[in-house]
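> Sequence and predicted structure below; questions after.
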Amino acid sequence: MTYWLYRAIAALPLAVTYRLASLIAWLTQYVIRYRVETVDRNLRAAFPEQTDAWYLATRKRFYKQFAEVSVESIYGWRIPKIELEQRMKLVGWEPLQASPGEESKPGILLSIHHGNWEWLVQRSSLAVSAPFDGVYKPLHDQGADRFALESRGRWGGTLVTMKAMGRHVLRNRRTPRVLALLADQAPGKKETAHWTTFMNQPAGFFLGPATLANITQYPVYFVRVRRLQRGRYELELLEICKEPGTLSQEELIERYVELAEETIRLEPESYLWSNRRWKRTPPKEFLVNQATLMESEASSGDIQSNP
């Protein structure tokens, strides 16, 4: 049922579904109140210096862009190639683009749930010269999952689950590839995580992207998505680690987190604040280390202010 509902919406002109998005945004925020408390809590924790007026305005902009991105993503199931390329401007993608006769250029693309990440997957698969593999987490609804897989793989990209990615990489190790991940999802309790501070809050991150970098020896990049106007975006390719092995796994994840924060602060309303990203309690050793660091910084400040 969900699959055919999405196909029916996808058949509508984008201009029509944008009008539908305005209604969805209002209903979602004020009637259904979909995760309004989560959005407020996340915004206030991430930007403690802001005013109540800023939180309210940013929340409103978040629901507006969330609804618009939702209908854009559905439209992506049938968006023409030329239109997609026009709507998603590339900046700095030369390291992954080979000229005729050149070998394909491999790499690992990391990004976050910011802007239109569904179009990002499609546009990336068109932009690179090597075969494109998108890592994904299956959706609970089978119809929605089928629709998403068809949309994301329209231009020849291969969709692989995180659990299967290791085997997939080893099986195709002789063919240079581009691997793409949205790496800002929270690891489960039983999964190994690197803990750090993300948007002023303790957060765990998968070490999987760093492990893939070690296995493949591919350069690693961050894709920054910026919204230029409704339905038009800029995709900027930023370097995380060009030379394999020059960063430890933890250093690579820290660099990714740094770029993720920069991206969010440039355009706060476009991040997925409805995600319960910070719900997991950090391990005791991380909290102890943070407390020790804060005490050390405080002591250093006292020494500098009282010579």
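Looks like it arrived, so ask away.
> use CA for all of it now, contacts and neighbours both
Noted.
> hang on, V225 packs against L237?
No. Judged on CA atoms under 8 Å, V225 makes no contact with L237 at a distance of 9.1 Å.
> Counting neighbours, go ahead and name the busier of these two.
Ranked by neighbour count (other CA atoms under 10 Å), V225 and L237 place V225 first, with 26 against 21.
> in a helix, that's where the more buried one is, yeah?
No. Read with DSSP: H, G, I helix; E, B strand; the rest coil, V225 is strand and lies in no helix.
> give the contact list for it.
For V225, the contact set (CA atoms under 8 Å, 6 or more residues apart in numbering) comprises 114-116, 120, 233-236, 263.
> Kindly recompute the last result at 7 Å.
114-115, 233-236 (CA atoms under 7 Å, 6 or more residues apart in numbering).
> Which single helix of this structure contains the most residues?
helix 52-75 (DSSP state H).
> Could you list the buried residues of it?
The neighbour-count check on helix 52-75 (16 or more other CA atoms under 10 Å) flags 55, 58-75 as buried.
> Equivalent analysis for stretch 114-126, please.
Those would be 114-126, for stretch 114-126 by 16+ other CA under 10 Å.
> who touches it?
69, 73, 76, 84-85, 88, 132, 152, 155, 157, 225-227, 270-272.
> try 6 Å this time
69, 73, 132, 152, 157, 225, 270-271 (CA atoms under 6 Å, 6 or more residues apart in numbering).
> now do stretch 147-154
With contacts defined as CA under 6 Å, 6+ apart, stretch 147-154 is touched by 3, 77, 122.
> Please spell out which residues along it are buried.
147-149, 151-154.
> again with stretch 263-273
Those would be 263-264, 268-273, for stretch 263-273 by 16+ other CA under 10 Å.
> Which of these fall within helices?
Short answer: the buried residues of stretch 263-273 in helices (DSSP H) are 263-264.
> can you list the buried residues of stretch 263-273 in CSV and add distance to R19 and pLDDT?
Converted to CSV, the buried residues of stretch 263-273 look like this (distance: CA to CA, whole Å; pLDDT from 0 to 100):
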residue, distance to R19, pLDDT
T263, 28, 98
I264, 26, 98
P268, 23, 98
E269, 19, 98
S270, 19, 98
Y271, 22, 98
L272, 21, 98
W273, 23, 98
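> now the contacts of V225 in CSV, with distance to V39?
Formatted as CSV, those follow (distance: CA to CA, whole Å):
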residue, distance to V39
H114, 14
G115, 16
Y233, 23
E234, 25
L235, 25
E236, 27
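> Secondary structure, distance to N172 and pLDDT added to the residues you listed, as CSV?
What follows is the contacts of V225, written out as CSV (DSSP: H, G, I helix; E, B strand; the rest coil; distance: CA to CA, whole Å; pLDDT from 0 to 100):
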residue, secondary structure, distance to N172, pLDDT
H114, strand, 30, 98
G115, coil, 31, 97
Y233, strand, 32, 98
E234, strand, 31, 98
L235, strand, 27, 98
E236, strand, 27, 98
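> out of those residues, who's nearest T196?
H114 (19.8 Å; CA to CA).
> and that closest one, bridged to which residues?
Y271 (DSSP bridges).
> show me where pLDDT drops low in this structure?
The chain contains residues with pLDDT under 70 at 298, 300-307.
> in it, which spans are strands?
With strands called from DSSP state E, the chain shows them at 88-91, 107-111, 132-136, 158-161, 178-182, 193-198, 201-206, 220-229, 232-241.
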